[in-house]
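J.: Structure, please.
(one chain, ligands or ions: 1)
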Amino acid sequence: MPKKARTERRRAKKKTTCSDLSKRVKVCTACRLSKTRTRAVPAEGTHKAKVMFVGIGPGRQEDEAGRPFVGQSGKWFDRSLKRIGLTREEVWVTNLVKCRPFEGRRNRDPRANELAACAAHLDAEFELVKPNVVVPLGNIPLKHLLGLDGITKKRGMCFFKEDDPEVVYFPLLHPAVLVRDKDGNLDEYGVDLRNLRRLLARLGIGKYGKKVREQRKAGSAGKSAC
Ligand code: SF4
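T.: This is a model prediction of the structure:
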């Protein structure tokens, strides 16, 4: 691992607040994407979030705005949140890399060394937020977070990691795929969202989890399972 990335990992581990994490991302030069970005795109949300969404990296509009999931993808993302009974203020939204990877005018996938360099920021976010549910958006986050391949087969299902079995991973398609849907994914995406909504309800999260939260307060709800 390059020296800059090691330093960034050490600094990120000493994180304290969302604002600290955001400031670190904005000045980070741990990989070469810092040289070509307009703005770094820190994660957004609340450290109290129970659900964390993990995308790939900023696109052109995010790079210009300095915010994750804006433009058409952002609209899809916000609509999806609404359907599962959550708002941006209640969740944590982040990307594997915080600076736009691109070639010419087109976005490209982040390279292994860029993912490794930026992992310090994501690790610090997990440490701060400690989410109950993690939603990898697309194949690259699925692979990076769970070591699995094939988002079209793995989407809409629950996964657990041996070293952290309390956290549920529920992969979904990336919103950018839905914007340019050519493969007729929308019906299945609707089913995935309904299943995620049911999962959140069972875990007592968000609008649809209200009943379970009330039962828990009254001491009458059992432990939720996926
Ligand atoms: S992509 Fe991540 S590691 Fe690279 S410069 Fe941006 S914030 Fe730093």
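
J.: touching the ligand at all, stretch 27-35?
T.: Yes: contact check for stretch 27-35 against the ligand, using Cβ under 6 Å from any ligand atom: residues in range are 28, 29, 30, 31, 33, 34. All C-beta spots, glycine's among them, are computed from the backbone N, C-alpha and C.

J.: Show the contacting residues for the closest residue to residue 108 other than its chain neighbours.
T.: Computed as Cβ to Cβ, 6 or more residues apart in numbering, the closest residue to residue 108 that is not its neighbour in sequence is residue 101, at 5.1 Å. Residues in contact with residue 101 (Cβ atoms under 8 Å, 6 or more residues apart in numbering) are 33, 57, 107, 108, 109, 110, 111, 114.

J.: Which parts of the protein are strands?
T.: Read by DSSP state E, the chain holds these strands, from start to end of the chain: 44-45, 51-55, 92-95, 102-103, 106-107, 133-136, 159-161, 164-169.

J.: Make a markdown table from those strands and add mean neighbour count and distance to the ligand to it.
T.: Compiled in a markdown table, the strands of the chain are given as follows (neighbours: other Cβ atoms under 10 Å; distance: least, Cβ to the nearest ligand atom, whole Å):
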| stretch | mean neighbour count | distance to the ligand |
| --- | --- | --- |
| strand 44-45 | 18 | 15 |
| strand 51-55 | 26 | 13 |
| strand 92-95 | 25 | 9 |
| strand 102-103 | 12 | 12 |
| strand 106-107 | 13 | 13 |
| strand 133-136 | 24 | 18 |
| strand 159-161 | 15 | 23 |
| strand 164-169 | 15 | 22 |
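
J.: would you turn those into TSV with mean pLDDT?
T.: As requested, these are exported to TSV (pLDDT from 0 to 100):
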stretch	mean pLDDT
strand 44-45	96
strand 51-55	98
strand 92-95	98
strand 102-103	96
strand 106-107	94
strand 133-136	98
strand 159-161	97
strand 164-169	96
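
J.: Look up the residues forming beta bridges with the residue positioned nearest the centre of the chain.
T.: Here the mean C-alpha position of the chain is nearest to the C-alpha of residue 54 (Cα atoms, centre = their mean), at a distance of 1.6 Å. In this entry, residue 54 is beta-bridged to residue 94, residue 136, by DSSP bridges.

J.: where does this protein dip in pLDDT?
T.: With pLDDT under 70 as the threshold, the chain has low-confidence stretches at 1-2, 7-16, 221-226.

J.: and it, which of its residues are near the ligand?
T.: Residues of the chain lying near the ligand (Cβ under 6 Å from any ligand atom): 25, 28-31, 33-34, 40, 97-99, 114, 117-118, 121.

J.: Just the helices from the protein, written as ranges.
T.: Counting by DSSP state H, the chain has helices at residues 3-13, 18-27, 33-36, 60-65, 71-83, 112-129, 139-146, 151-154, 175-179, 186-203, 210-217.

J.: now residue 144: how far from residue 162?
T.: With distances defined as Cβ to Cβ, to the nearest Å, the gap from residue 144 to residue 162 amounts to 17 Å.

J.: Alright, calling it a day.
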